[in-house]
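Participant: what shape does this take:
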Amino acid sequence: MKNIALAFGAAAGAIASAAVSAADLPSRKGAPVEYVRVCSAYGAGFFYIPGTDTCLRIGGRVRAEYLYDQPFSRNFDASGFRARGRLNIDTRTATAYGTLRAFLRYDINRDSGGYRVPGSTFQNVSSSNTTFLDKAFIQFGPITAGRAQSFFDFYANDMNWGLLRGSDVSTQLFAYTATFGSGFSATLSAEDGAERRFNTFDGVPFGPAVTTGGNSMPDIVANLNVTQAWGSAQLSGALHQIKTANANPAINLDTEYGFAGLAGLKLNLPMLAAGDVLWLQAIYAEGASGYLGAGTYGSFPNNNPIQVGGILVNAFDAVAVPTGTGSATLKKTKGYAITAGLLHYWTPAVRQAVFGSYLNVENGASSNVFDFKEYRVGSNLIWSPVRGLDIGVEVLYARLDPKGRVADLNRGGAFTLSSSDAVSARLRVQRDF
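Facilitator: Have a look, this model is predicted:
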């Protein structure tokens, strides 16, 4: 027993001696570890960028889609595929002047077949890659600057996949938003008129050749919006410059100004089912057809063709009407677009949207410029088995009625049509994250 006690004593002495020796050595502290911290101030998914007070959220989307689009000619594809990748980057920092935000959204598409642009060389391209800067803006308190959704817009194709008429434009802008409390706000915005500019046109054969000239001012947009528990409502207005260029110096046309107005209503319908909503919107425009969504953007430079089946017509900002030898005047195009949509959740995982639009355009009918009406109606059904995943189908019917008879594109213009219709269908699988 005595030996055991001596052994324990010797061990304790050795440990104490080692501790004293270690204490005499120079100490070296480990570098502090930077952990990623959750930022809850701006919603789910944000985290602090290490070493800063800026919150960051990275998100995006992957979409796979198949399209059947009734062709007007055997030369073009009725079937098409699309793969889309989207990246969202959202940063926010609290400052003494309010939240400083920078947002970026970038889309990359791989398209083939029926995803053609009517009237363009892309109709005969088997496949194409496109990249698109959809959004890139800075918000600092009440100021928004960069590429963002136009402040004129209200219903921006929120439920439908195929095209409905109405305004849905990302554009370059500088805007100021004043908030008044209780959900009321007002915005004044200077926006890029090039995103809304459509060609002027000579009104009769062999008339003065008049095309769109360069602008000297942005579009001026203003809105008044209220958003509350019942939904939201908005009134919007826009002023749009029409400036002509011409090859004949003897023809001098004054600069004109078009305008557009919007009234929109969104009603939440929880009494039907959670998430149900009704959209109603009406737009009137004179000399500003771009605010009607009156054509397929990008089909022709500064032009606005609308094609359904074998008929192609145009909506212009203005038409040049000859008034005498070597002279003309601009007649502004008039039109209106009505859009409606209802979204209903049959179950928390299954929802359906029913929607439609009506477009009426008065170019000032003559021998080569037509007034026309267009109807669009459709529905989609979407299943979301897990959060962030949508699997759905959509069918859209369109009918175009020009005033008078228009050349049938399917038969090389040898015949004419008084109306034309077409059906398109889409299958979509989409993952948002």
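Participant: where do the helices of this structure begin and end?
Facilitator: In order along the chain, the chain carries the following helices (DSSP state H): 2-24.
Participant: what about it, any weak spots by pLDDT?
Facilitator: Along the chain, the parts satisfying pLDDT under 70 run over 1-34, 116-127, 203-208, 246-252, 295-304, 324-326, 364-368, 411-414.
Participant: mind running it again at 80?
Facilitator: Residue ranges of the chain with pLDDT under 80: 1-36, 71-76, 114-129, 198-213, 245-253, 295-305, 321-328, 364-369, 407-416.
Participant: and residue 43, how many neighbours does it have?
Facilitator: By other Cβ atoms under 10 Å, the residues close to residue 43 number 11. Quick note: C-beta positions are derived from backbone N, CA and C, even for glycine.
Participant: should've said residue 239
Facilitator: The tally of other residues near residue 239 (other Cβ under 10 Å) stands at 17.
Participant: specify the beta-bridge partners of the residue nearest to it when sequence neighbours are not counted.
Facilitator: The shortest distance from residue 239 to any non-neighbouring residue, by Cβ to Cβ, 6 or more residues apart in numbering, is to residue 220 (4.4 Å). Assessed by DSSP bridges, residue 220 has beta-bridge partners residue 190, residue 239.
Participant: does residue 220 touch residue 236 like I think?
Facilitator: No: using Cβ atoms under 8 Å, residue 220 is not in contact with residue 236, being 11.5 Å away.
Participant: circling back: the residue nearest to residue 239 and residue 192, how far apart?
Facilitator: Taking Cβ to Cβ, to the nearest Å as the measure, residue 220 falls 12 Å from residue 192.
Participant: repeat that for residue 80.
Facilitator: Residue 80 is 30 Å from residue 192, by Cβ to Cβ.
Participant: with residue 320 instead?
Facilitator: Per Cβ to Cβ, residue 320 is found 24 Å from residue 192.
Participant: higher neighbour count, those two?
Facilitator: Ranked by neighbour count (other Cβ under 10 Å), residue 320 and residue 192 place residue 320 first, with 25 against 17.
Participant: could you measure the closest residue to residue 52 other than its chain neighbours against residue 84, distance?
Facilitator: Closest residue to residue 52 apart from its sequence neighbours, by Cβ to Cβ, 6+ apart: residue 93 at 8.0 Å. To residue 84, residue 93 is 30 Å away according to Cβ to Cβ.
Participant: and if you look at residue 151?
Facilitator: Using Cβ to Cβ, residue 151 is found at 26 Å from residue 84.
Participant: the more surrounded of the two?
Facilitator: It is residue 151, of residue 151 and residue 84, that has more neighbours when counted by other Cβ under 10 Å, with 24 against 17.
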